[in-house]
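Asks: got a predicted structure plus its sequence, pasted below:
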Amino acid sequence: MAGEKKYIFNEQTQSYEIDRRSARAALYKTGAVLLAGLACFLLYFFLGTEVWGYDTPKVRVLEHRNRILAEEVALLDSRIQKQDEVLLDLSLRDNLVYRPVFGMAEIPREEREAGLGGDDRYADFLGLDHQEGMTAAALAVDRLLRKAYVQSISFDAVKVFSSRAGDMASCIPSIYPVNPRNVQMTSPFGARFHPIRQTIVFHEGVDLAGPAGQPVYATGDGVVESAEFNFSGYGNVIVIDHGFGYKTRYAHLQEIRVAEGQVVIRGDRIGTLGSSGLSTGPHLHYEVLYRGEHVNPWNFLNPDVSPEEYGKMVRNG
């Protein structure tokens, strides 16, 4: 029976004693079986993983997690692309609609997509599986955050300008620089034959001819940028910076009644109509510039304004 003790006769003591050798033999036998089993397991494990190419349970778990991670990176990349498209649409509307309304310069694409410094920014991904995908996703996120930050700053600036919409309305040059009852337009904006230079040139403003000495008025609120005699042909000329991207120029004046740096209000008298500089007769050469480009002043003038209405807009002081 299992566990039954064995006895042997000890001649020296003339008695029966438990057989200790059989217990040790059983222990050795058990150990040998365990070692043989472990060796077989190791051999099977080696053959299965190294020869036959089977994966261990741990490797299978890691590979499953790896696949999930790759899918999450791909999903993140897809979401980043969609958000980037939304930001692109916002930036286009910002540059083409919102900022021009308030005379603000466009934000260059280079500034919106400025590079990100630091060569070791993504060093944590080195040596990892899907290193390229993870690095690309992290870079895309950083660029998206950069664009969002620039767009946020732009909208903050637009908000400030929009809060000054009332100020803008008074700054835009929107009245005649001289009383329309006393002058007539002799040369419109655009290409024309120059009466003195005898060649086709682009006329950057409008010419309003009338009696010398007629008052000339600021067409919008602003600050006098310059008030001087110009030797290139303008003669006595005044330039007013109205802000919001607008400037006006008043040339061939007989008299200048303002000084550089002076704040003027729409309707303030700034000079008198004359024929100084390169001129064939008394007239006012009037220009409107928007963000550095000449635009047609006629688009800002209301030809239907009555003499009474105009008289209320100007001050002859």
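Replies: The structure has been received and is ready for your questions.
Asks: tell me which helix or strand residue 202 sits in.
Replies: Assigned by DSSP states H and E, residue 202 falls within strand 200-203.
Asks: that strand - contacts with which helices or strands?
Replies: Counting contacts by 3 or more Cβ pairs under 8 Å, 6 or more residues apart in numbering; DSSP states H and E, strand 200-203 packs against strand 190-193. Using the backbone N, CA and C atoms, a C-beta is placed for each residue, glycine as well.
Asks: gap between the strand it packs on and the chain center?
Replies: Offset of strand 190-193 from its chain centre (Cα atoms, centre = their mean, to the nearest Å): 39 Å.
Asks: that one pairs with which strands, parallel or anti?
Replies: Note on strand 190-193: by DSSP bridges, its sheet partners are strand 200-203 (antiparallel).
Asks: the strand it pairs with: which residues count as buried?
Replies: By 16 or more other Cβ atoms under 10 Å, the buried positions in strand 200-203 come out as residue 203.
Asks: domain parsing for this structure?
Replies: Following automatic domain parsing, one finds the domains of the chain at 7-51, 57-163, 171-313.
Asks: end to end, how far does the longest one reach?
Replies: End-to-end distance of domain 171-313 (Cα to Cα, to the nearest Å): 14 Å.
Asks: please apply the same query to stretch 266-276.
Replies: When the termini of stretch 266-276 are compared using Cα to Cα, they are 24 Å apart.
Asks: repeat that for stretch 226-239.
Replies: 5 Å.
Asks: starting at the chain centroid, how far to that stretch?
Replies: Stretch 226-239 has its average C-alpha position 39 Å from the chain's average C-alpha position, going by Cα atoms, centre = their mean.
Asks: buried ones in that stretch?
Replies: Applying a neighbour-count criterion of 16+ other Cβ under 10 Å, one finds 227, 230, 234, 235, 236, 237, 238, 239 buried in stretch 226-239.
Asks: what sits opposite the fifth one in the beta ladder?
Replies: What that stands for is residue 236. For residue 236, the beta-bridge partners under DSSP bridges are residue 229, residue 253.
Asks: residue 89 sits in which helix or strand?
Replies: Following DSSP H and E, the helix or strand that holds residue 89 is helix 57-93.
Asks: what's that helix packed up against?
Replies: For helix 57-93, the packing partners by 3+ Cβ pairs under 8 Å, 6+ apart are helix 131-163.
Asks: and the gap between residue 170 and residue 264?
Replies: Spatial separation of residue 170 from residue 264 under the definition Cβ to Cβ, to the nearest Å is 11 Å.
Asks: overlap in contacts of the two?
Replies: By Cβ atoms under 8 Å, 6 or more residues apart in numbering, residue 170 and residue 264 have these common neighbours: residue 221.
Asks: more neighbours, the two?
Replies: The residue with more neighbours, out of residue 170 and residue 264 and counting by other Cβ atoms under 10 Å, is residue 264; that gives 20 against 13.
Asks: could I get the contacting residues of the most centrally placed residue in the chain?
Replies: For the chain, the residue nearest the mean C-alpha position is residue 112 (3.3 Å; Cα atoms, centre = their mean). With contact taken as Cβ under 8 Å, 6+ apart, residue 112 is in contact with 91, 147, 150, 151.
Asks: farthest pair within those?
Replies: Spatially, the most separated pair among these is 91 and 150, at 8.2 Å (Cβ to Cβ).
Asks: shared neighbours of the two, anything?
Replies: Each of 107, 112 lies in contact with both residue 91 and residue 150 under the rule Cβ under 8 Å, 6+ apart.
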